[in-house]
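**Q** Generate coordinates for the sequence data below:
(chains A, B and C)
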Amino acid sequence: MSLFRRRAEKEFDPTQPLVATGNLSRRHFVSRVIQFLAIAAAVAAVAVLVIVIWAVVSHGAKAISWTFITTGYPTGVGPYLVGTFEIVAIATLIAMPIGVLIALFLTEYAGRRWTRPVQLVLDVMNGLPSILIAVFIYILIVAPTKKQSGIAAAIALAIIEVPLIARGTQEVLNLVPSHQREAADALGVARWRSILTIILPAAVGGIVTATLLSVARAAGETAPVLLIDSLAKGDSIQLNPFGQIPNVPVRIFQLSEEANPEGFTEAWGLSLILIAIILALGLSSRALLNRSKRKMSR
Amino acid sequence: MSIDDQTFDAQPSTNGRPLAPGRVRIRTEPLPGVIGAPAATESATESHVHVAPESVFEADGVGIFYGKKQALIDVSMRVRRGQVTALIGPSGCGKTTFLRSLNRMNDSVSGFRIEGQIRYHGHDIYGTGVDTVEVRRRIGMVFQKPNPFPKSIFDNIAWAPRNLGMRSGLKERVEKALRGAALWDEVKDRLKDSAMGLSGGQQQRLCIARAIAIEPDVLLLDEPASALDPIATGAIEDLIHSLKGRFTIVIVTHNMQQAARVADRTAFFSLETRGEKPIGTLIEFDETEKIFGAPRDPRTRDYVTGRFG
Amino acid sequence: MSATPPAGSASLKLARSNRQSPARKRADRFGDLALFLICAAAALLALLVIVLIAKEVIEGAQPAISKFGLDFITSSEWAPPLEKFGGEGVIVGTLITSAMALLIGAPVAISIGIFLALLAPTSVRNVVSPLVEMLAAIPSVILGFWGLIILGPVLVSTIEPFLHDTFGFIPLFGPPQTTGNSVFNAGLILTIMVIPIIASVSRDLFMAVPRELQDGAAALGSTRWEVIRGVVLPTTLSGMTAACLLGLGRALGEAIAVAQVIGGSTESHLSLFEPGGTMASLIALQFPSAVSKMHTASLYYLAALLLVIGVTSNLLASWIGSRFGNAAGVTR
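**A** Have a look, this model is predicted:
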């Protein structure tokens, strides 16, 4: 080691060829090993994704048929799909306006003083375990009415969606060029008119993106529906939001708790449908985001 | 070629000296043993013999592209050992681009491509088998904006020597570097403080100290004083004077007085319209007094007398 | 400016139609106030929800809190028929699974961040980044189901025997069990969930490290790794801590996937290969079928503890994040 040091410390000869001298070969080796590990980590993550998706696709494909999608229990899962669609739709209808309004408050009104506390509230809300939101809605709605219901589950999902929509919308609103705001202000246009007719329309792409992402998240959330809306039978389509609505995540969870091979097949099929929908939502939101970002940065 | 030509280091690019076939090489190509081309591996020993010993850099027909855009065309010049060489010219003329290509800092820029050849002590800097880390270890660089690391003053300077294995006598090395950068007296009592707390001028001198701590062969300075006030600028210029001789220095500056004050030789770059788009190129390269006193090229004269934008 | 014409013309039209009649003015004043109030109300609603969640959960837990007090945390007996409830088993289970997720997940995720932000060519980054985010989008119930059906058997047949044979002297790697439902399985599933969260945050952090700073390090003759270790990691340290806390919050609170693979026990064992339980998963498993008021209240007690831990880690992450923001301001 001491020999190594002495050699490294010696004045190098600048006229020598430009190849590694001193301890550089060893340092390159360390660097390459670590770069290799970083690549390996990324490969591992992608491999896990591929393995999981492959398991879902290969097992799920066996289950899926026209009857599987269109009929109810015990031959198919139609009512669960319709139910999840309905619950998530109601949740999004509740969450979207609230999320957008919070984003507007943050970008247009909050000012320096209120931005941080409101953002903190959103962060905490976003970080709350969904099981806690489920417990909360159970205490607030299910326990007093002594009845599980789709609408209660939708409200719980809305609480999960609001911070996602608010954050996404806020990011796009911040991208709206300030000269557009200033132009409206300079012309003496009332604030609310410019917000509703100029700023919001410019951010529509981003709002839709954030909403799609939050829908993807809500569709797979299981804890809220498990506590709030888990007792419905899947033999027929139920649409009354004040009653129990069969839904996909609870069904997968219940099937996974039973040691029944046929049930597992059904669960794989449901998983495949759910994952396909979620990934499609994710991909389309990404495409949309890229498009609207391009449009705004033009 | 102009290798032994001491007086005309820069070929006026307009007189269309054709490049020798095979001279123009694109870096990404694997180096073939082309006939007539001084391959890097061979030139390592071969060209060394018939090159004047005081040349540190020899640029030969250098052109630089970023993607499809050409930023620099046909630059041929040589930088002499132990001297301060200034690169001046209007903004966008490619002088910084050229400087950054001397120690391969442009490699990370996407779409970067170089043609022609830059030799460092006779070795092709863009040749195959060249270790970029080794290149930068020998050819240090200080940037336009002071960029101290978010570490203590001591660690800023000790960081690179530690990497290089120069662990013994580290304190002395740091002190020597700080003294060399004329910063020691100002910071000797707060070496453990964050470097971010220094003033802009001090930060820049810290960056110079950081660069000289590993005792490189060459220092490239990219407008080192452009972000500083006149007093700090004066300090940097004094520093360059004191470093002269110990290091070969190439400095880019947009400030002509600065070039006149610090440089032994000065290269004037400008934009020339080739085809439809203006491209940066080397117009004239000579002793500093000649560039500012008796430039041969009218464009140089216009620029140094202030007739140029 | 090319983006202005539509907006500009819209505001022009507005301005023209805005020929300040008094009625119009009054309407505008009302409109401004109304929009502000609605937006502020929405923000307030969010705050209200957080406060209400805390209030309701703690109130629900009141019977258990007054009966068991802090002994709840240290007592390990969870016996609903006997009306005995102690959370030690699941609290320990929560800590072990989360620690495992973070210990494995954080280094891997930060490596992925390094790869995506600093090593990968843009074309590779543009493919791998969305894939990593896709991993985060897989619903926990599906990941848990996969862990139950696919991962569990693999663990039992190969990985657990291997670990036991190699590291059996460490009590954590006890003899393999007959079922793959174990603390180990839950920890791995949580690792998979935590990785994309930390990876995408650290990728963004690394990409925000100023180019000049990295160039400065590279110009001193440093290798790729030396630049990363010397400049990139230290400048993003607090941001990465915040990212890890976010991941920790996720791991602590995950109920469903853990409930599917952990085996639903309420005791803690030294061996990772034994079944166990976590606070969140116990709530998910027992809440729908709670046998008594005290049982429900004890589950609320767990929820309240989870809330405290979750909110604390979130606030901590956000506090560190904001401090990092300031530090980055100095660094430029």
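**Q** Poorly predicted segments of the stretch 201-332 of chain C, please.
**A** Along the stretch 201-332 of chain C, the parts satisfying pLDDT under 70 run over C:324-332.
**Q** just the helices in it please.
**A** Ranges of helices within the stretch 201-332 of chain C are C:211-218, C:224-227, C:233-235, C:237-253, C:256-261, C:279-286, C:293-331, based on DSSP state H, counting those that start in this stretch.
**Q** Just say which of those helices is most tucked in.
**A** For those, average neighbour numbers computed from mean count of other CB atoms under 10 Å in any protein chain shown are highest in helix C:256-261, which has a mean of 31. For glycine as for every other residue, the C-beta is placed from the backbone atoms N, C-alpha and C.
**Q** Write out the residues of the stretch 1-150 of chain C neighbouring chain B.
**A** Listed as neighbours of chain B in the stretch 1-150 of chain C under the rule CB under 8 Å from any CB of the partner chain: C:Thr122.
**Q** what residue ranges in the stretch 1-150 of chain C are flagged as low confidence?
**A** Ranges of the stretch 1-150 of chain C meeting pLDDT under 70: C:1-20.
**Q** In it, which residue sits closest to chain A?
**A** C:Pro139 (2.6 Å; CB to the nearest CB).
**Q** Next, the contact list for that residue, please.
**A** Contact analysis of C:Pro139 by CB atoms under 8 Å, 6 or more residues apart in numbering or on different chains lists A:Ala219, A:Gly220, A:Glu221, A:Thr222, A:Pro249, A:Leu274, A:Ile275, A:Ile278.
**Q** Check the burial of the closest residue to chain C within chain B by counting its neighbours.
**A** Here the residue of chain B nearest chain C is B:Arg137; by CB to the nearest CB that distance is 2.7 Å. Close neighbours of B:Arg137, defined as other CB atoms under 10 Å in any protein chain shown, add up to 27.
**Q** Just confirm it contacts B:Ala213, I think it does.
**A** No: counting by CB atoms under 8 Å, B:Arg137 sits too far from B:Ala213 to count as a contact (11.8 Å).
**Q** Going along the chain, name the strands of chain A.
**A** Under the criterion DSSP state E, chain A contains no strands.
**Q** can I get the helices of the stretch 201-332 of chain C in CSV with distance to C:Thr97?
**A** Shown next, in CSV, are the helices of the stretch 201-332 of chain C (distance: least, CB to CB, whole Å):
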stretch, distance to C:Thr97
helix C:211-218, 37
helix C:224-227, 32
helix C:233-235, 27
helix C:237-253, 7
helix C:256-261, 7
helix C:279-286, 9
helix C:293-331, 13
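**Q** Of those, give the one that comes closest to chain B.
**A** Per CB to the nearest CB, nearest to chain B of the helices of the stretch 201-332 of chain C: helix C:211-218, 4.1 Å.
**Q** Which helix or which strand is home to B:Ile249?
**A** Assigned by DSSP states H and E, B:Ile249 belongs to strand B:248-252.
**Q** so who does the residue most central in space within chain C touch?
**A** Chain C has C:Arg250 as the residue nearest its centroid, 2.3 Å off, counting by CA atoms, centre = their mean. Applying CB under 8 Å, 6+ apart to C:Arg250 gives the contacts A:Gly127, C:Leu190, C:Met193, C:Val194, C:Ile197.
**Q** any idea which of those residues has the most stuff around it?
**A** Most neighbours among the contacts of C:Arg250, by other CB under 10 Å: C:Leu190, with 32 neighbours.
**Q** from what I can see that one touches C:Leu252, true?
**A** No: with contact defined as CB under 8 Å, C:Leu190 does not reach C:Leu252; the gap is 9.1 Å.
**Q** between these two, what contacts are shared?
**A** C:Ser98.
**Q** show me what contacts the residue nearest to B:Ser199 when sequence neighbours are not counted?
**A** With sequence-adjacent residues excluded and distances taken as CB to CB, 6 or more residues apart in numbering or on different chains, B:Ser199 is closest to B:Ala232, at 7.3 Å. B:Ala232 makes contacts with B:Ser199, B:Gly200, B:Gly201, B:Gln202, B:Gln204, B:Ala225, as judged by CB under 8 Å, 6+ apart.
**Q** can you state the direction angle for the helix or strand hosting B:Ala232 and strand B:248-252?
**A** Element membership for B:Ala232, per DSSP H and E: helix B:230-243. Angle, helix B:230-243 to strand B:248-252, by axes from the mean of the first three to the mean of the last three CA atoms, to 10 degrees: 150 degrees.
**Q** Quick check: buried residues in helix B:230-243?
**A** Buried residues in helix B:230-243, defined by neighbour count with 16 or more other CB atoms under 10 Å in any protein chain shown: B:Ala232, B:Thr233, B:Ala235, B:Ile236, B:Glu237, B:Leu239, B:Ile240, B:Leu243.
**Q** need those residues in CSV with pLDDT, can you?
**A** Listed next are the buried residues of helix B:230-243 as CSV, based on pLDDT from 0 to 100:
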residue, pLDDT
B:Ala232, 87
B:Thr233, 90
B:Ala235, 89
B:Ile236, 89
B:Glu237, 92
B:Leu239, 90
B:Ile240, 92
B:Leu243, 90
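**Q** could I get these as JSON lines with distance to C:Ser238?
**A** Formatted as JSON lines, those follow (distance: CB to CB, whole Å):
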{"residue": "B:Ala232", "distance to C:Ser238": "31"}
{"residue": "B:Thr233", "distance to C:Ser238": "35"}
{"residue": "B:Ala235", "distance to C:Ser238": "34"}
{"residue": "B:Ile236", "distance to C:Ser238": "33"}
{"residue": "B:Glu237", "distance to C:Ser238": "38"}
{"residue": "B:Leu239", "distance to C:Ser238": "35"}
{"residue": "B:Ile240", "distance to C:Ser238": "37"}
{"residue": "B:Leu243", "distance to C:Ser238": "37"}
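**Q** Which of those sits closest to chain A?
**A** B:Leu243 (16.0 Å).
**Q** what's the closest non-adjacent residue to that closest one?
**A** If the residues on either side of it in the chain are set aside, B:Leu243 comes closest to B:Ile249, at 6.4 Å by CB to CB, 6+ apart.
**Q** Quick check: pLDDT value at that neighbour.
**A** With respect to pLDDT, B:Ile249 scores 94.
**Q** Enumerate the residues of the stretch 201-332 of chain C near chain B.
**A** Checking the stretch 201-332 of chain C against chain B by CB under 8 Å from any CB, the hits are C:210, C:212-213, C:215-223, C:226, C:230-231, C:234-235, C:327, C:330-331.
**Q** Swap in 7 Å and give it another go.
**A** Residues of the stretch 201-332 of chain C found near chain B (CB under 7 Å from any CB of the partner chain) are C:212-213, C:215-216, C:218-223, C:226, C:230-231, C:234-235, C:330-331.
**Q** Setting the sequence-adjacent residues aside, check what's closest to the residue of chain B closest to chain C.
**A** The shortest distance from B:Arg137 to any non-neighbouring residue, by CB to CB, 6+ apart, is to C:Gly221 (2.7 Å).
**Q** Who are the contact partners of the one you found?
**A** By CB atoms under 7 Å, 6 or more residues apart in numbering or on different chains, the contact list for C:Gly221 reads B:Val133, B:Arg136, B:Arg137, B:Ala160, B:Ile214.
**Q** one more time with 10 Å, if that's ok
**A** If you count contacts by CB atoms under 10 Å, 6 or more residues apart in numbering or on different chains, C:Gly221 has them with A:22, A:24, A:27, B:103, B:131-140, B:160, B:163-164, B:211, B:214, B:216.
**Q** Centre-most residue in chain A?
**A** Short answer for chain A (CA atoms, centre = their mean): A:Arg217, at 4.2 Å.
**Q** which ones are touching that residue?
**A** Residues in contact with A:Arg217 (CB under 10 Å, 6+ apart) are A:Val88, A:Ser130, A:Leu157, A:Ile160, A:Glu161, A:Leu164, A:Ile278, A:Leu281, A:Gly282, C:Ala136, C:Ala137, C:Pro139.
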